[in-house]
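Undergrad: model this:
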Amino acid sequence: MVECAAVASSQVWIRVNNNQFVEQPQTILQCRSEEEAIAHILKVNKPNIVAIGETHPYTDDGKKPTTLKLFVRTILPVLKDAGFNDLVLEMLYSDDASNRLVNRHLQTGKPENILKKVMYSPNGPNQFGMEELLITAKELKINLFGGGPRITDRETSYIRDIRSDKDKSGNKLIALTRRITQRTIEKALSLLKRPGPKKLITYNGGYHNDVVNTFGIRGFSFGGYFTSKTKFNYVEIDLLSPELMNSQGKDNYAYPEYENWMKTAVPQKGVMLIKRGNSSYTIMFPAKTLVP
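TA: Numbers count the residues shown, from 1 in each chain. Predicted coordinates:
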């Protein structure tokens, strides 16, 4: 079997704790597909937790897949074949009642308006692809769990102001982000404590899963918690394209790293797998693959 092949390696500067920079090794590999890239990561890292990070799209034009749709179509089946049966989603309330409602839907197919009842922001940018996820999860027998706020969390009430641009200070967004990080950790730990195989997928915005907290804001990321506070093998995988990097990537990545990727890590075909440190990866798709 042909595997991903290294095409470049270097020492790069990455941003940590807001405006501080550290040097770390980086390797860029060419893979024929995202499925091959995921298989490579599973073989090398042997993770218990696969933490997927997306840059939330602004729209769904129906012509190109959103990041979530692409994940559902190509990556989720690979993870299922590798024994990952549980998926924790930022988009869903983390209440036990909401989780039961979702998984009852996966068994019965009813009710049709399930998303409005279990998503904390059903009209937000992270909704695109949820319907397809429900269909595929049912087919693959994937269990879905919420990693978002609880219905009763104070931060849930902040969403309207955040969406309507009334959160001028950004404090409500920071509080909500911290709550999502907390709830994802809680849900993941509760699932990993169960008897049986210790395998779990999380799906969040691309800064929640960071091993290195690039924003420097306490509570923004949970990757560092799992790598430093638990014995579980954790891997962070961000899904990106040039359009997503151009529209929002500079908020999430250090400028030297961003500029280097745009020059050296945008594939013409297949995908580029960027290995950042020991537990962090980015899968870069060709231009015009994903909806920005």
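Undergrad: Parallel or antiparallel, which strands does the helix or strand that contains V22 pair with?
TA: Using DSSP states H and E, the element containing V22 is strand 20-31. Here strand 20-31 has these sheet partners by DSSP bridges: strand 5-16 (antiparallel), strand 271-276 (antiparallel).
Undergrad: next one: the first one to chain centre, how far?
TA: It refers to strand 5-16. Counting by CA atoms, centre = their mean, to the nearest Å, strand 5-16 is centred 21 Å from the centre of its parent chain.
Undergrad: Would you mind checking the average pLDDT for that strand?
TA: For strand 5-16, mean pLDDT rounds to 80.
Undergrad: which residues are contacting that strand?
TA: With CB atoms under 8 Å, 6 or more residues apart in numbering as the test, strand 5-16 has contacts from 21-30, 212-214, 216, 253-257, 260, 264, 272, 276. Using the backbone N, CA and C atoms, a C-beta is placed for each residue, glycine as well.
Undergrad: buried subset of those?
TA: 24, 26, 28-30, 212-214, 253-254, 257, 260, 272, 276 (16 or more other CB atoms under 10 Å).
Undergrad: Identify the farthest-apart pair in those.
TA: Q30 and N213 (29.4 Å; CB to CB).
Undergrad: re earlier: what's the closest of the strands paired with strand 20-31 to L115?
TA: strand 271-276 (29.4 Å).
Undergrad: Give the helix, strand or coil label for V212.
TA: For V212, the assignment made with DSSP: H, G, I helix; E, B strand; the rest coil gives coil.
Undergrad: Quick one: residues contacting T202.
TA: T202 neighbours (CB under 8 Å, 6+ apart): 49-52, 87-90, 147, 184, 188, 208-209.
Undergrad: Are any of those residues buried, and if so which?
TA: For those, buried by 16+ other CB under 10 Å: 49-52, 87-90, 147, 184, 188, 208-209.
Undergrad: Which of those residues fall within strands?
TA: I49, V50, A51, I52, L87, V88, L89 (DSSP state E).
Undergrad: Between these, which sits nearest G223?
TA: The shortest gap between G223 and any of these belongs to A51, at 6.3 Å (CB to CB).
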